[in-house]
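Participant: Sequence first, then the predicted structure, then my questions.
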Amino acid sequence: MYFAQGVWEGFSGLAATHPPLNERIRRLDPQWDGAYLEGAVTAAAFAKGGAPVSSLAGGEPPAVESEPVMVEVVPVAVVSRAAGQVGDPTERHRKYAAELVASLPVMVRDSAREPYGARAVLFGLLLDRKANIREKQMARLSELAKADVTELTYKLIPHLDVLDVRARLPLVDLALPALRAMSRSQYDDFLNCFKELVAADNRLGLFEWTLYRVLLRHLQPQFERTAAPRAAYYGLQRMGRQCSVLLSALAHADNRRDEAPAALAHGAAKLPGIGVALLPREECGLEPLSQALDELSRVADKKRRHLVEACAACICADHEVTVAEAELLRGVCDMLDCPMPPLLPGGPAMFAHDGVVA
């Protein structure tokens, strides 16, 4: 739990660390002169945005070649600082998280707080931006889901389509209590619909995988009989393979093969004596990554904190952290039961074109 009885749980705080594009700021403040004030940006600036930036796809190339996009880059210092504060949110973090929730569109926020609406919100977040795939998804949803859930999903689409990518996981957090209020049959139907929507494009994207893993972690104990946790490992000395899978997945995540060894080395330096090695992409895909995270989540808390710092060092190695990479890091932290505070705003936004800082 990121805020342990605080604002909300799970993915709390995958909020923006920067203002959105200048044009979006001017819509909010026509008098804006283009200058940024340190710490002056609040969560409200990030609840809405244009089309989401491209998410990662589990190390695989996109299903269809896309046009070059502007990718927002998170300051390395912000990510490193947050990774060093796992489990220790400040009052500023809590205030920022509350502001983000309050700034969500009213219909989206209200829907996320009741069981039918929460399901519709999650289904809406899974809808593809390609019209042909979305049409297939909605047709399948109409067949499987209750009519009122499908209808509400349609109504939420215009709001979710313009939701900033960085507000997605906090919105999932907001929906978790309502999802826990489902009946067992509703839970089974929900998971079935979720899987069908994901399968519509015949590929499992990183956001879909992260979302599914987080939902299972938070909902399975409520609805399913799960095995008692096996004995925990105190340290990481015997977890070299698992650490290698995790850090290799992060090193490969930006799809720049020539930079993966350096990224891995930065992360491995935080885990001396563990024997971390760079693995080929096919050995650190989503299935082996899931297995590695299951094992690593049973390591002692202090060691998991070291692991989070290693993950942060890995994605910060090239001095550019995209929002998608930050999203992955927060997902990893949740799966390790090692909450990372929100990435607070401050300083100007940087944008990369095809991965190069402009």
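Facilitator: Nice, I can see it. Numbers count the residues shown, from 1 in each chain.

Participant: Where is the longest helix in this structure?
Facilitator: Secondary structure of the chain per DSSP state H: the longest helix is helix 206-223.

Participant: so after that helix, what's the next helix or strand?
Facilitator: Once the chain leaves helix 206-223, the next helix or strand it forms, by DSSP states H and E, is helix 240-252.

Participant: then that next one to CSV, C-alphas only?
Facilitator: Below are the C-alpha coordinates for helix 240-252, written out as CSV (Å, rounded to 0.1, in the frame of the first residue of the first chain):
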residue,chain,number,x,y,z
GLY,A,240,20.9,-13.9,-9.3
ARG,A,241,18.8,-15.4,-12.1
GLN,A,242,15.7,-13.6,-10.9
CYS,A,243,17.5,-10.3,-10.6
SER,A,244,19.0,-10.8,-14.1
VAL,A,245,15.5,-11.4,-15.6
LEU,A,246,14.1,-8.2,-14.0
LEU,A,247,17.0,-5.9,-14.8
SER,A,248,17.4,-7.3,-18.3
ALA,A,249,13.7,-6.7,-19.0
LEU,A,250,14.2,-3.1,-17.9
ALA,A,251,17.4,-2.7,-19.9
HIS,A,252,15.7,-3.9,-23.0
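
Participant: residues in contact with it?
Facilitator: 59, 236, 259-261, 263-264, 267-268, 271, 274-279, 281, 283-285, 288-289, 291-293, 295-296, 307, 310-311, 314-315, 317, 325, 328-329, 332 (Cβ atoms under 8 Å, 6 or more residues apart in numbering). C-betas here are computed from N, CA, C, even on glycine.

Participant: Could you chop this structure up by domain?
Facilitator: Per the record, the chain has its domains at 22-74+86-228+341-357, 240-320, by automatic domain parsing.

Participant: What average pLDDT does the shortest one get?
Facilitator: Computed over domain 240-320, the mean pLDDT rounds to 89.

Participant: Among the contacts of helix 240-252, which lie within helices?
Facilitator: Those of the contacts of helix 240-252 lying in helices (DSSP H): 260-261, 263-264, 267-268, 288-289, 291-293, 295-296, 307, 310-311, 314-315, 325, 328-329, 332.

Participant: Now do the same for the residue nearest to Glu114 when sequence neighbours are not counted: helix, strand or coil?
Facilitator: The shortest distance from Glu114 to any non-neighbouring residue, by Cβ to Cβ, 6 or more residues apart in numbering, is to Ala178 (5.3 Å). Classification of Ala178 using DSSP: H, G, I helix; E, B strand; the rest coil returns helix.

Participant: Now stretch 182-189: buried residues?
Facilitator: Within stretch 182-189, the residues that count as buried by 16 or more other Cβ atoms under 10 Å are 182, 186-187, 189.

Participant: now the residues you listed as TSV including secondary structure and pLDDT?
Facilitator: As requested, the buried residues of stretch 182-189 are exported to TSV (DSSP: H, G, I helix; E, B strand; the rest coil; pLDDT from 0 to 100):
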residue	secondary structure	pLDDT
Met182	coil	95
Gln186	helix	95
Tyr187	helix	96
Asp189	helix	96
